[in-house]
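J.: how does the following fold in three dimensions:
(one chain, ligands or ions: 2)
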Amino acid sequence: MSQHNIQVTVNGRLHTATVEGRLTLSDFLRVEAGYTGVHIGCEHGVCGACTVIVDGQAVRSCLMLAVQADGSSITTVEGLTAPDGTLHPVQQALRDEHALQCGFCTPGVVMTLAALTSGASKPAARTLLDALSGHVCRCTGYQGIRRAAIKLAGEPGAKK
Ligand code: FES
Ligand code: FES
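T.: Ligands and ions are numbered 1, 2, ... in the order given. Have a look, this model is predicted:
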């Protein structure tokens, strides 16, 4: 199997590694770099649990090879909370709306919403709710997750 040298910045920290060409970004982040907030569920792009932000875009890290991320800047859920423990607005909204149960789906949901709400203008609730349709919560806690998304949107009065 071919080996490749890669360099990625994860949550502001530079990582250099030699990886097999077949290694997924999710396995690299979780197993090799220790970012265990990257949850791995289906491993084929369906559940959304492995979502991270790569160069500003929400990405399913099980569908990307580590070697494809060479040179990229990656944010995992560990990178969202401020050093003093202050939660990211998305994390706070989910907490306020009691939008997590076992928490397995939560990092992926958080990263998708964080990517979409990071710009200067807030997206429409519909945009956030559509994005959530790509996340599976096996605890079926969808109502709380949807309420949190609506709270984060530019139209707080949108239908829940
Ligand atoms: S583990 Fe990547 S989408 Fe399910
Ligand atoms: S909170 Fe358990 S899978 Fe979503």
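
J.: grab the nearest non-local neighbour of the residue nearest to the spatial centre of the chain.
T.: Most central in the chain under CA atoms, centre = their mean is residue 111, positioned 2.8 Å from the mean C-alpha point. Distance criterion CB to CB, 6 or more residues apart in numbering; nearest residue to residue 111, sequence neighbours excluded, is residue 51 at 4.5 Å. Yep, even glycine has a C-beta here, placed from its N, CA and C like the rest.

J.: quick check: residues of the protein near ligand 2?
T.: 100, 101, 102, 103, 104, 105, 106, 137, 138, 139, 141 (CB under 6 Å from any ligand atom).

J.: who wins on neighbours among these?
T.: Within the residues of the chain next to ligand 2, most neighbours by other CB atoms under 10 Å means residue 105, with 25 neighbours.

J.: how near is the residue lying closest to residue 1 once chain neighbours are set aside to residue 40?
T.: Nearest residue to residue 1 in three dimensions, chain neighbours excluded: residue 20, at 4.7 Å (CB to CB, 6+ apart). As for residue 20, its distance to residue 40 is 17 Å (criterion: CB to CB, to the nearest Å).

J.: who has more neighbours out of the two?
T.: residue 40 (18 against 14).

J.: before we move on, back to that, list the contacts for the residue nearest to residue 111?
T.: Counting by CB atoms under 8 Å, 6 or more residues apart in numbering, residue 51 touches 58, 59, 60, 61, 107, 108, 109, 111, 112, 135.

J.: please export the C-alpha coordinates of stretch 23-42 as PDB.
T.: C-alpha atoms of stretch 23-42 as PDB (Å, rounded to 0.1, in the frame of the first residue of the first chain):
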ATOM      1  CA  LEU A  23      -6.800   5.800   5.200                       C
ATOM      2  CA  THR A  24     -10.000   7.800   5.600                       C
ATOM      3  CA  LEU A  25      -9.900  11.300   7.100                       C
ATOM      4  CA  SER A  26     -12.200  10.100   9.800                       C
ATOM      5  CA  ASP A  27      -9.900   7.300  10.900                       C
ATOM      6  CA  PHE A  28      -6.900   9.700  10.700                       C
ATOM      7  CA  LEU A  29      -8.500  12.300  12.900                       C
ATOM      8  CA  ARG A  30     -10.000   9.900  15.400                       C
ATOM      9  CA  VAL A  31      -7.500   7.100  15.600                       C
ATOM     10  CA  GLU A  32      -4.200   8.600  14.600                       C
ATOM     11  CA  ALA A  33      -4.600  12.200  15.700                       C
ATOM     12  CA  GLY A  34      -6.800  11.600  18.800                       C
ATOM     13  CA  TYR A  35      -9.800  13.700  18.000                       C
ATOM     14  CA  THR A  36     -12.300  11.300  19.300                       C
ATOM     15  CA  GLY A  37     -15.100  13.900  18.900                       C
ATOM     16  CA  VAL A  38     -15.200  12.700  15.300                       C
ATOM     17  CA  HIS A  39     -17.700   9.900  15.600                       C
ATOM     18  CA  ILE A  40     -17.900   7.100  13.100                       C
ATOM     19  CA  GLY A  41     -21.200   5.500  12.400                       C
ATOM     20  CA  CYS A  42     -22.100   4.300   8.900                       C
END
